[in-house]
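1. Quick one: sequence and predicted model below, then my questions.
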Amino acid sequence: MATRMNSFHRYLLKRLVYVLLNLVGLSVVVFCITVVLPGNAAETILGRYATPENVATLERELGLHRPHHVQYLDWVAGFVTGDWGTSFRHNRPVFDLVVTRGIRSAYLAVISLVAIVAVSIPAGIIAAVYSESTLDAGITGLAYVGISVPEFVTGTGLLVLFAGPVWSVFPAGGYTPLSAGGPVEWASHLVLPVITLTFLSIAHLVRLTRTEMIETLQSEYVRTARLKGLDERTVVLKHAVRNGLLPTVTLLAMNVGYLVGGVVVVEEVFAYPGLGRLLVGAVLHRDIPVLQATVLLVAGIYMFANLGADLLYTYFDPRISYGSSAR
């Protein structure tokens, strides 16, 4: 056991180094992309009628006149120390802006993840236990529908049904802080975005859980457990679930990264003022400090989510060697 834990720690350290190197490489790419974007940040801030003298003055104030490598090193040093600059568009510290919007996006992501776990795993297990039944056909059919429909279609349909002329039950968009409107008003703005975010992930996880559980329930050790006289509930929950859910756990961890990307689409559909909407606005208005910080932060979350997926799989499956599982 001690040897396996030591191997796990070495594997973890190795993967963390890979993630950090990838982040450094990504920071170079992000900086280069923002440099070559068409247009001029100073001209965007001042407007189309700004004089060349005013543009040059603002460029000096923003530090845009310096060599690119100097700007990059200053940006990286500031990012590490928490000084992410000032938003050109909002005239606020980027760090404060990203934290405020990031908390709102975290509400969506965390609630969606809880909903995905609470719905997909039990539904997949039930479909496997009652394989080829009417219940299984209904669950599988809904999963196929969920896989076939992208988020923007789901979101638009929910808006029409539950925030439009059909049933005006939920707000069509926006956000109300918990301190301002109370829990009911706050939650009402999250319901439709959360359903949109979870629909596709639940469908994928239901299908995967069902497939893996059917295979596990047909394995030799499960048949042996049945021959020992154990009831079906004990066989499923104590013998089949742990091994059958290994791929599901991995995909679930990877869904954290997917949720980060899906938030961008969902927040635009529902005009939800989170991190994704902030990123889109930064691109449209050439808000370089916000764009750089947001892209690097989102990419970092995605990378660490994938790392968590690998660690969970290798930790729960003792058959995998840490030395050979690094990718």
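-> Done, it's in.

2. lowest-confidence helix or strand of the chain?
-> The helix or strand of the chain with the lowest confidence, counting by mean pLDDT, DSSP states H and E, is helix 322-325 at a mean of 50.

3. residues contacting the closest residue to Gly173 other than its chain neighbours?
-> In this structure, Gly173 finds its nearest non-sequential neighbour in Ala271, 3.5 Å apart by Cβ to Cβ, 6 or more residues apart in numbering. Placement of C-beta: from N, CA and C, glycine included. Taking Cβ atoms under 8 Å, 6 or more residues apart in numbering, we find Ala271 in contact with Ala172, Gly173, Gly174, Arg277.

4. Which two among these are spaced furthest apart?
-> Ala172 and Arg277 (14.8 Å; Cβ to Cβ).

5. Tell me which of the two has more neighbours.
-> It is Arg277, of Ala172 and Arg277, that has more neighbours when counted by other Cβ atoms under 10 Å, with 21 against 15.

6. next structured bit after the helix or strand hosting Pro122?
-> Using DSSP states H and E, Pro122 falls within helix 94-129. Scanning forward in sequence from helix 94-129 by DSSP H and E, the next helix or strand is helix 134-148.

7. returning to that earlier point: looking at the contacts of Ala271, which is nearest Leu142?
-> Closest to Leu142, out of all of the contacts of Ala271 and judged by Cβ to Cβ, is Ala172, at 25.6 Å.

8. for the stretch 151-300 of the chain, which spans come out with low pLDDT?
-> 239 (pLDDT under 70).

9. show me where it has strands.
-> When assigned using DSSP state E, counting those that start in this stretch, the stretch 151-300 of the chain turns out to have no strands.

10. From Asn6, how far off is the spatially closest residue to Ala115 that is not a sequence neighbour?
-> Of all residues beyond its chain neighbours, the one nearest Ala115 is Thr198 (4.8 Å), with distances taken as Cβ to Cβ, 6+ apart. Distance from Thr198 to Asn6, counting by Cβ to Cβ, to the nearest Å: 38 Å.

11. Show me which of those two is the more surrounded one.
-> More crowded of Thr198 and Asn6, by other Cβ under 10 Å: Thr198, with 27 against 11.

12. Quick check, the more buried one in contact with Val114.
-> No - counting by Cβ atoms under 8 Å, Thr198 sits too far from Val114 to count as a contact (9.3 Å).

13. give the contact list for Leu161.
-> Taking Cβ under 8 Å, 6+ apart, we find Leu161 in contact with Trp167.

14. What distance do you get for it to Gly155?
-> Applying Cβ to Cβ to Leu161 and Gly155 gives a distance of 11 Å.

15. Which other helices and strands does the one helix or strand Arg60 maps to contact?
-> Taking DSSP H and E as the definition, Arg60 sits inside helix 52-62. Judged by 3 or more Cβ pairs under 8 Å, 6 or more residues apart in numbering; DSSP states H and E, helix 52-62 is in contact with helix 41-46.

16. what mean pLDDT would you report for the helix it packs on?
-> Per-residue pLDDT over helix 41-46 has a mean of 69.

17. burial of the residue nearest to Asn54 when sequence neighbours are not counted, as a residue count?
-> Counting by Cβ to Cβ, 6+ apart, Leu46 is the residue found nearest to Asn54 once chain neighbours are left out, at 5.7 Å. By other Cβ under 10 Å, 15 other residues sit near Leu46.

18. for Leu46, what are its contacts?
-> Contacts of Leu46 (Cβ under 8 Å, 6+ apart): Asn54, Val55, Leu58.

19. how far away is the first one from Ala109?
-> Right, the one you point to is Asn54. 42 Å.

20. Those two: who's more crowded?
-> Ala109 (22 against 15).

21. wait, isn't the more buried one in contact with Val260?
-> Yes - under the criterion of Cβ under 8 Å, Ala109 makes contact with Val260 at 6.8 Å.

22. picking that back up, how about the contacts made by the residue nearest to Ala115?
-> With Cβ under 8 Å, 6+ apart, Thr198 has these contacts: Ser112, Ala115, Ile116, Val119.

23. Fine by me, thanks again.
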